[in-house]
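Participant: Sharing a sequence plus its predicted fold:
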Amino acid sequence: MSVAVIGSGAFGTALAVSLAAKGPVTLWGRETGWAAAGENPRLPGVPLPASLIVTKELKDITAPTVLLALPAQSLGGFLTDHGARLDRRNLVSCAKGIDLTTLTGPSALIASACPHATVAVLTGPSFAADIARGLPTALTLACADAAAAEILQRQLSTASLRLYRTTDVTGAELGGALKNVIAIAAGAAIGAGYGDSARASIVTRGFAEMTRLAVTLGARPETLGGLSGLGDLVLTCTSEQSRNFRYGLALGAGSEFAPGTTVEGAATARAVSRLAEGLGIEMPISNLVAGLAQGSIVMEHALDFLLKRPLKEE
Ligand SMILES: NC(=O)C1=CN([C@@H]2O[C@H](COP(=O)(O)OP(=O)(O)OC[C@H]3O[C@@H](n4cnc5c(N)ncnc54)[C@H](O)[C@@H]3O)[C@@H](O)[C@H]2O)C=CC1
Ligand SMILES: O=C(CO)COP(=O)(O)O
């Protein structure tokens, strides 16, 4: 069974390169001029294999399994325009965020635009550059249909990419979205010079609030403790390869951050704040990140925002 990837950014290209080792892969992007050079500038140093076809024509996307690797805030618009063309296939969401318009994850956007598709989520700790270079990586493949999950697990695993499967789509998807928000907070703590102990508190209390929201929305708590939650949280809060962490570093240090960089946690923090307010759930770190990202809270007041909260049981 052949595979296609929609979205020729760093992650879509990395997945396409990795899967092309097993057979032909078609990669769709809205700009493909770079392909003639044999390398995507978003993934420098990674040659495109011969079994990878790059196209900007959606009619070329005929594979029964399609990975959607667009940023979460772009996915809804893309599906409104093109969802009908993708229906009745296996559609695997690779985006890590919560849509600000609908306050839902990418899998719900896909299910709504493509009602006859089998919807799955591919998530977990993985930098695009690592996957593309064939470094060993373990991810979670989530699909509510257990039989389809097994088929997709086999289809999308490679010699270096080991997929675990689960039927908990909500838990897997929310873990990947929420960890980006906490990674911004962890980066801000380091950028402001608060130190590694402060970062460890943010990771731990951040994991608690991730779990609180996800379980309220129907996730299984053990999913949050797996690759898609804790695994990705640890990676993203400790590595400067992470754009969310680097954005946090810049916020904390009061320095410039490259405009146009995909930082999913900024919009997702705002979505989380709105969701949590509606559900009556406390999400202090996510609220702080939403405030910092919007400029309604300044870094000088960020510590007070967390430390002056009433003392409570852990
Ligand atoms: N880069 C990484 O290491 C990883 C990224 N992800 C997730 O993958 C998703 C995509 O991230 P990246 O590929 O890294 O971002 P990127 O910034 O490298 O690329 C985004 C791509 O999406 C395209 N795009 C944006 N809006 C579009 C639209 N409306 N229609 C068509 N194309 C559009 C851009 O042209 C660009 O090619 C994000 O949700 C991210 O969290 C997940 C795991 C690892
Ligand atoms: O999701 C990722 C790693 O698993 C990539 O993180 P960033 O989007 O912060 O770069």
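Facilitator: Arrived safely, thanks for sending. Numbering: from 1, shown residues only. Ligands and ions are numbered 1, 2, ... in the order given.
Participant: For the residue most central in space within the chain, which non-adjacent residue is closest in space?
Facilitator: In the chain, the C-alpha nearest the mean C-alpha coordinate belongs to Lys96, at 2.1 Å (Cα atoms, centre = their mean). Spatial nearest neighbour of Lys96, chain neighbours left out: Gly176 (3.9 Å); criterion: Cβ to Cβ, 6 or more residues apart in numbering. All C-beta spots, glycine's among them, are computed from the backbone N, C-alpha and C.
Participant: Verify the stated contact: the one you found with Asp232.
Facilitator: Yes. Assessed by Cβ atoms under 8 Å, Gly176 is found in contact with Asp232 at 5.8 Å.
Participant: so what's in contact with the two at the same time?
Facilitator: By Cβ atoms under 8 Å, 6 or more residues apart in numbering, Gly176 and Asp232 have these common neighbours: 96, 123-124.
Participant: Doesn't Ala120 belong to a helix?
Facilitator: No. Assessed with DSSP: H, G, I helix; E, B strand; the rest coil, Ala120 is strand; it does not lie in a helix.
Participant: Phi, psi for the residue nearest to it when sequence neighbours are not counted please.
Facilitator: Once flanking residues are discounted, Ala120 sits nearest to Cys143: 3.9 Å by Cβ to Cβ, 6+ apart. Main-chain torsions, Cys143, degrees, to the nearest 10: phi -150, psi 130.
Participant: Could you check the pLDDT of the residue nearest to Lys96?
Facilitator: pLDDT recorded at Gly176 is 98.
Participant: What distance do you get for it to Asn244?
Facilitator: According to Cβ to Cβ, to the nearest Å, Gly176 and Asn244 sit 11 Å apart.
Participant: between these two, who's got more neighbours?
Facilitator: Higher neighbour count among Gly176 and Asn244: Gly176, with 34 against 28, using other Cβ atoms under 10 Å.
Participant: now the host helix or strand of that one, how far from the centre of its chain.
Facilitator: Secondary structure assigned from DSSP states H and E places Gly176 in helix 169-191. Computed by Cα atoms, centre = their mean, to the nearest Å, the chain-centroid distance of helix 169-191 equals 9 Å.
Participant: can you tell me if it touches ligand 1.
Facilitator: No. Helix 169-191 stays clear of ligand 1 (Cβ under 6 Å from any ligand atom), getting no nearer than 6.6 Å.
Participant: Put the alpha carbons of that helix into PDB.
Facilitator: What follows is helix 169-191, C-alpha atoms only, in PDB (Å, rounded to 0.1, in the frame of the first residue of the first chain):
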ATOM      1  CA  VAL A 169      -6.900   9.100  20.100                       C
ATOM      2  CA  THR A 170      -7.900  11.900  22.500                       C
ATOM      3  CA  GLY A 171      -5.100  11.100  24.900                       C
ATOM      4  CA  ALA A 172      -2.400  10.800  22.300                       C
ATOM      5  CA  GLU A 173      -3.400  13.900  20.400                       C
ATOM      6  CA  LEU A 174      -3.800  16.100  23.500                       C
ATOM      7  CA  GLY A 175      -0.400  14.900  24.900                       C
ATOM      8  CA  GLY A 176       1.300  16.200  21.700                       C
ATOM      9  CA  ALA A 177      -0.600  19.500  21.700                       C
ATOM     10  CA  LEU A 178      -0.300  20.300  25.400                       C
ATOM     11  CA  LYS A 179       3.400  19.500  25.800                       C
ATOM     12  CA  ASN A 180       4.200  22.400  23.300                       C
ATOM     13  CA  VAL A 181       2.600  24.800  25.700                       C
ATOM     14  CA  ILE A 182       4.600  23.500  28.700                       C
ATOM     15  CA  ALA A 183       7.800  23.600  26.600                       C
ATOM     16  CA  ILE A 184       7.300  27.400  26.100                       C
ATOM     17  CA  ALA A 185       7.000  27.800  29.900                       C
ATOM     18  CA  ALA A 186      10.100  25.700  30.500                       C
ATOM     19  CA  GLY A 187      12.100  27.700  27.900                       C
ATOM     20  CA  ALA A 188      10.900  31.000  29.500                       C
ATOM     21  CA  ALA A 189      12.100  29.800  32.900                       C
ATOM     22  CA  ILE A 190      15.600  28.900  31.500                       C
ATOM     23  CA  GLY A 191      15.700  32.100  29.300                       C
END
